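Peer 1: just need the structure, nothing else, for what follows:
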Amino acid sequence: MRAVLDPNVIISAVLAPAGTPAKLLRGWLDGVYELVVSPRLLDELERAFGYSKIRARVTRDDAEELVELLRADGDLCDDPPDPPAIRSSDPGDDYLISLAEAAGAVIVSGDRHLLDLQGRLPVYSPAAFLELLAGE
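Peer 2: Predicted structure coming up:
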């Protein structure tokens, strides 16, 4: 299975190492699923790690190390040029939908704008995706 993790899930994994998002990240590292990333996703993640609230809890070195790990070991795909067939109510999330469509991947997010598309797109909360992986 292939998955696009919303940057909010990756940030949550770092901030709460015992939480569900962290379990998902470890699952990727253990080869349970393929993680799809793109330059835009990695740029958004780098920006988020620069926010003062996050920077206070995650060192610059740790943030850079994680982004480089994702870039090197994730399935790095080009950012799709076209908008998705189904769009989010938050246009800033549409690149994740396009990426997942192009890569044949599901989306894992805690973002209500994306989760509201369940039933129309393969979008899962971190807990629901963890359950899905456990059932395989």
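Peer 1: please enumerate the strands of the protein.
Peer 2: 2-5, 34-37, 75-76, 106-108, 123-124 (DSSP state E).
Peer 1: output those strands in JSON lines; the columns should cover mean neighbour count.
Peer 2: Heads up, the C-betas are built off the backbone N, CA and C, glycines and all. What follows is these, written out as JSON lines (neighbours: other Cβ atoms under 10 Å):
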{"stretch": "strand 2-5", "mean neighbour count": "25"}
{"stretch": "strand 34-37", "mean neighbour count": "20"}
{"stretch": "strand 75-76", "mean neighbour count": "15"}
{"stretch": "strand 106-108", "mean neighbour count": "26"}
{"stretch": "strand 123-124", "mean neighbour count": "23"}
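Peer 1: can I get these in JSON lines with distance to residue 50 and mean pLDDT?
Peer 2: Shown next, in JSON lines, are the strands of the chain (distance: least, Cβ to Cβ, whole Å; pLDDT from 0 to 100):
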{"stretch": "strand 2-5", "distance to residue 50": "19", "mean pLDDT": "98"}
{"stretch": "strand 34-37", "distance to residue 50": "18", "mean pLDDT": "98"}
{"stretch": "strand 75-76", "distance to residue 50": "21", "mean pLDDT": "98"}
{"stretch": "strand 106-108", "distance to residue 50": "23", "mean pLDDT": "98"}
{"stretch": "strand 123-124", "distance to residue 50": "27", "mean pLDDT": "98"}
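Peer 1: out of those, flag the one nearest residue 86.
Peer 2: strand 123-124 (10.0 Å; Cβ to Cβ).
Peer 1: my guess is residue 66 contacts residue 11, does it?
Peer 2: No. Look at residue 66 against residue 11 with Cβ atoms under 8 Å: they stay out of range, at 9.7 Å.
Peer 1: out of these two, which sits in the busier spot?
Peer 2: Neighbours around residue 66 and residue 11, counted as other Cβ atoms under 10 Å, are more numerous at residue 11. The numbers are 23 against 19.
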